[in-house]
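Undergrad: Generate a structure from the sequence data that follows.
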Amino acid sequence: MDPVEQTPTELSDYAVLSALYGSLLIGTAVSARGRAPIANAELPALAAASFALSKLVVHEKVESWVRRPFVDEARGKPKGRRLRYAVGELLTCTRCTGAWSALALVALRVHSPAAGRAVSTVLAASAGNDFMQAGFKAICAHATRVERASDAPAPVRPVRRAA
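TA: Residues are numbered from 1 along each chain as shown. The predicted structure follows:
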């Protein structure tokens, strides 16, 4: 990521995003008091769900309408200046968007446990599908390389004669 001095932003633009995230985080924490805690056993599903949600928002065509005001889709770069550019940076970074996704999923889980579990389960299953598809693709690519290597003619080696 480029330093602030090399972008059309100011520190205050990032401060606005940090303040918004912090406010939402504090609001979620405060409003969660007195509610049932999220079990540690649910954390892997929430992690996988935040992975899937951030990948969806940052990379998938179906969410281009969210990115379009902030991201030049052809170049995959933020557009505009100041806060618009900073939001564009956020929407081109799966790790950054993942933090916001995790906050949203945890807030949903805390405030509406059944809906939160359902959404997290769907997104976690989607993440599992992504990993299986990537694994299947890697296995197929490896099998293709092995097959091509076995079909290639053996290299011709010069015959050495005893002197």
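Undergrad: Point out where this protein drops to low pLDDT.
TA: Where the chain drops to pLDDT under 70, the residues are 152, 154, 163.
Undergrad: change it to 50
TA: Along the chain, segments meeting pLDDT under 50 are nowhere present.
Undergrad: where do the strands sit along it?
TA: Secondary structure of the chain (DSSP state E): strands located at 71-72, 77-78.
Undergrad: Dump those strands into a markdown table; add distance to residue 109 as well.
TA: The way it works is simple: take the backbone N, C-alpha and C, and place the C-beta from them, glycine included. Formatted as a markdown table, these follow (distance: least, C-beta to C-beta, whole Å):
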| stretch | distance to residue 109 |
| --- | --- |
| strand 71-72 | 28 |
| strand 77-78 | 30 |
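Undergrad: Of the ones you listed, which is nearest residue 64?
TA: strand 71-72 (8.5 Å; C-beta to C-beta).
Undergrad: Give me the residues contacting the closest one.
TA: Under the criterion C-beta atoms under 8 Å, 6 or more residues apart in numbering, residues 77, 78, 79, 88, 91, 92 lie in contact with strand 71-72.
Undergrad: Over to stretch 30-50?
TA: Contact with stretch 30-50 is made by 98, 101-102, 105-106, 109-111, 113, 117, 119-124, 127-128, as judged by C-beta under 8 Å, 6+ apart.
Undergrad: Residue 124 reaches residue 52, doesn't it?
TA: Yes. Counting by C-beta atoms under 8 Å, residue 124 does reach residue 52; the two are 6.9 Å apart.
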